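# Just to be clear, the model below is a prediction. Sequence and coordinates:
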Amino acid sequence: MQPTIRVIDLETTGSRPPDDGVVEIGWQDVSDAGAARWRVTAERGARFVDPQRPIPSRTAAIHHIIDADVAGSPPWQIVSPPILAAPGLVALSAHRVEFERRWCVDALTGGLPWVCTYKCALRLWPEMPSHSNQALRYERMPAGLDRALGLPAHRAGPDAYVTAHHLRDMLNECSLEQLIAWSREPALLVRVPFGPFRGRRWADLDDTALDAILARDTDRNMRFTARHERDRRNGADPAPAPEALLL
């Protein structure tokens with residue numbers, strides 16, 4: 001059996017379990033094709049899930065799944081185990097792993113490691129104008145991506161399919177072990193996302209600005225990136241992040 005990574009995408013009633021539940025799970029496999037190459041396989045799918053609560057209009061407006069669509073579907077505890085812990089999987093992946101991990105807990109995955117394609121895209125393709133799943137899709141135009149299979153956006157199956165093409169290209173640039181290591185750290189941001197220096201590249205900030213961020217900002221990604229930039233300027237190897245995640 002070829003080593004396989006399963007890309008997962010969830011549509012939900014909101015962002016905070018246990019108050020919010022999953023309404024749809026999608027998956028797409030990426031397998032080791034040998035000769036240090038990976039490929040997107042034909043193994044993909046999506047299933048509705050009964051969230052056991054009403055779907056709010058604010059989230060239905062994003063994924064267009066309504067209560068009638070999920071009526072009669074099995075709950076998350078029944079749907080998820082065979083998808084998240086299928087034989088042959090060596091890792092799981094999602095574009096922003098921290099979201100999927102709120103529901104895809106170790107008890108359901110068997111403790112498989114995760115690859116966050118968002119964090120890895122920041123490392124591998126820092127020149128991209130945006131690192132969202134869909135922006136990368138149209139900026140990079142990954143080879144072999146069937147546009148129809150990747151639509152509609154913001155549905156679990158198509159989104160997992162798109163993410164899988166980014167993952168395949170990442171695996172063909174560097175090792176799975178490296179992708180997992182990056183995924184366990186906070187995001188190494190390309191630009192300052194908010195605050196008085198919003199939109200500026202980290203290399204363009206002076207030392208005083210870096211010190212101010214490290215002294216006052218509590219955002220994990222901001223602090224990690226500021227330390228990384230400070231270490232780079234000092235010619236030191238970036239220190240391991242104390243905020244590293246067990247993904």
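Cool, got the structure.

# Please tell me the pLDDT value assigned to residue 70.
You'll see residue 70 listed with a pLDDT of 98.

# what about the closest residue to it other than its chain neighbours, how many neighbours?
Using Cβ to Cβ, 6 or more residues apart in numbering and skipping the chain neighbours, the partner closest in space to residue 70 is residue 48 (4.7 Å). Just so you know, the C-beta spots here come from the backbone N, C-alpha and C atoms, and that holds for glycine as well. Residues lying near residue 48 (other Cβ atoms under 10 Å) number 19.

# so what's residue 48 up against?
23-24, 65, 69-70, 73 (Cβ atoms under 8 Å, 6 or more residues apart in numbering).

# Quick one: list the elements packing against the helix-or-strand element of the chain with minimal mean pLDDT.
Lowest on mean pLDDT, DSSP states H and E among the helices and strands of the chain sits helix 207-216, with a mean of 91. If contacts are counted by 3 or more Cβ pairs under 8 Å, 6 or more residues apart in numbering; DSSP states H and E, helix 207-216 sits against helix 220-233.

# for the helix it packs on, what is the average pLDDT?
Averaged across helix 220-233, pLDDT comes to 93.

# Give me the below-cutoff pLDDT ranges for this protein.
237-247 (pLDDT under 70).

# Please, where are all the helices along it?
Applying DSSP state H to the chain gives helices spanning 57-63, 67-70, 76-84, 97-100, 106-109, 117-124, 133-140, 156-171, 176-184, 207-216, 220-233.

# most neighbours per residue, which of those?
Among the helices of the chain, the stretch with the highest mean neighbour count (mean count of other Cβ atoms under 10 Å) is helix 156-171, at a mean of 25.

# tell me the domain ranges of the protein?
As recorded under automatic domain parsing, the domains making up the chain are 4-184, 186-247.

# circling back to that earlier point, against residue 150, how distant is the residue nearest to residue 70?
Using Cβ to Cβ, to the nearest Å, we find residue 48 at a distance of 19 Å from residue 150.

# quick revisit: which one of the contacts of residue 48 sits closest to residue 114?
Nearest to residue 114 among those is residue 24, at 19.5 Å by Cβ to Cβ.

# who's sitting farthest from the centroid in this structure?
Here the chain reaches farthest from its C-alpha mean at residue 208, the gap being 32.4 Å by Cα atoms, centre = their mean.

# Between all of the contacts of residue 48, which two are separated the most?
Largest separation among the contacts of residue 48 by Cβ to Cβ: 65 and 73, giving 10.5 Å.

# Neighbour count for these two, which is higher?
With neighbours defined as other Cβ under 10 Å, residue 65 and residue 73 compare such that residue 65 has more, 22 against 16.

# Contacts only, for that one.
Residue 65 makes contact with 11, 23-24, 48, 55, 155 under the criterion Cβ under 8 Å, 6+ apart.

# Reformat those residues as a markdown table; add distance to residue 200.
Shown next, in a markdown table, are those (distance: Cβ to Cβ, whole Å):
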| residue | distance to residue 200 |
| --- | --- |
| 11 | 34 |
| 23 | 38 |
| 24 | 38 |
| 48 | 43 |
| 55 | 39 |
| 155 | 35 |
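
# Closest to residue 94 out of those residues?
Comparing those against residue 94 with Cβ to Cβ picks out residue 11 as the nearest, at 12.4 Å.

# Alright, that wraps it up for me.
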